[in-house]
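[1] Got a predicted model here, sequence first, then my questions.
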Amino acid sequence: MEVHHHPHVGHKKLKEYILEGLMIFFAVTLGFFAESIREHIIEEDREEAYMHSMWEDLKIDTARINYSLSRLQSNINASDSLFHYYDMGLIDKVHSKRFAQLALGAGFSVDVVFSDRTSSQLKGTGSFRLIQQKVVADLLMVYWNNQLKLDQIHSRFEETRQKHKDAGFQTFIWHPYYIYSVGGVLQNPNATMDYIIQRENLPHFINVTSSLYNTAKSQYVRELKNQHTLAIQLMEKIHTSYHLK
């Protein structure tokens with residue numbers, strides 16, 4: 001009598017299932033790693049693009065800071081001369097024109113508008129996490145925090161500058177300088193005009209100017225120079241860390 005051996009169908013199917021399962025596992029794992037690598041490359045590209053844009057913004061910022069420092073220094077120089085005139089008692093009619101000119105020059109506006117094209121994107125979209133260079137990320141935080149300090153100083157400066165301007169309009173004739181500053185021409189300039197119209201206001205005006213001078217020289221200039229140094233450091237770190245051309 002012949003004995004027929006049936007193949008182990010069930011055992012064979014189990015091996016196939018295991019093999020198929022392993023293949024699926026490896027395929028999914030490889031796909032996961034491939035996707036992770038792809039996302040990493042994309043994020044690196046985005047990081048480099050942000051840093052290139054930030055470098056360009058910092059270049060604009062340094063130019064604006066230099067201009068603001070120049071304006072502040074002009075105010076400080078005018079104030080120094082104004083205080084000298086006042087202390088020497090040169091407030092008569094003969095010296096009034098120069099005195100009024102210096103008084104106006106002591107309170108020119110100083111505006112610093114930092115470029116936030118890249119900063120707003122890094123802060124607003126959560127892209128700051130893309131910055132892998134810790135030294136760059138740390139310097140950026142210091143740079144942004146110092147901007148907040150500068151905003152506070154600027155607000156105090158502008159508040160005092162408005163008081164300086166209000167006191168000046170009550171004390172001097174300033175209209176010729178405003179006209180000349182925009183290329184205007186006075187039809188009949190009065191060579192013998194007394195440019196100080198309220199001498200009793202001079203002590204108050206000098207006090208306000210002194211306060212403005214103090215804010216400009218002891219705070220504003222110092223922090224603007226500090227911000228300029230930070231901007232240069234950031235540009236150098238970004239340039240070397242991201243191999244910008």
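    Cool, got the structure.

[2] quick one: contacts for residue 73?
    By CB atoms under 8 Å, 6 or more residues apart in numbering, the residues touching residue 73 are residue 221. (Each C-beta comes from the backbone N, C-alpha and C, glycine too.)

[3] Residue 172 now?
    99-100, 103-104, 195-197.

[4] Could you check how many residues crowd around the residue nearest to it when sequence neighbours are not counted?
    Sequence neighbours aside, residue 100 is the residue nearest to residue 172 in space, at 4.2 Å (criterion: CB to CB, 6 or more residues apart in numbering). Applying other CB atoms under 10 Å, we find 23 residues neighbouring residue 100.

[5] Relative to the whole chain's centre, how far out is the stretch of helix or strand residue 100 belongs to?
    In the assignment (DSSP states H and E), residue 100 maps to helix 93-105. Put simply, helix 93-105 sits 35 Å off its chain's centre (CA atoms, centre = their mean, to the nearest Å).

[6] got it, and stretch 218-234?
    10 Å.

[7] average pLDDT for that stretch?
    The average pLDDT within stretch 218-234 is 97.

[8] May I ask which of the contacts of residue 172 has the most neighbours?
    residue 103 (28 neighbours).

[9] what's the spacing between it and residue 230?
    34 Å (CB to CB, to the nearest Å).

[10] Now tell me what touches stretch 117-131 from outside.
    43, 46-47, 50-51, 53-54, 56-57, 137, 140, 144.

[11] Tell me which stretches of the protein form strands.
    In the chain, no strands are defined using DSSP state E.

[12] So, low pLDDT: which residues of this structure?
    1-12, 17, 22, 26-27, 29-43, 187-189, 245 (pLDDT under 70).

[13] what's the longest helix in it?
    helix 9-87 (DSSP state H).

[14] if we can go back for a sec, would you mind writing the PyMOL command to select the buried ones in the contacts of stretch 117-131?
    Restricted to buried positions by 16 or more other CB atoms under 10 Å, the PyMOL selection for those reads:
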select buried, resi 47+50+51+53+54+57+140
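
[15] Make a markdown table out of the contacts of stretch 117-131 and add distance to residue 64.
    Formatted as a markdown table, the contacts of stretch 117-131 follow (distance: CB to CB, whole Å):
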| residue | distance to residue 64 |
| --- | --- |
| 43 | 31 |
| 46 | 27 |
| 47 | 26 |
| 50 | 21 |
| 51 | 20 |
| 53 | 17 |
| 54 | 15 |
| 56 | 13 |
| 57 | 10 |
| 137 | 23 |
| 140 | 18 |
| 144 | 16 |
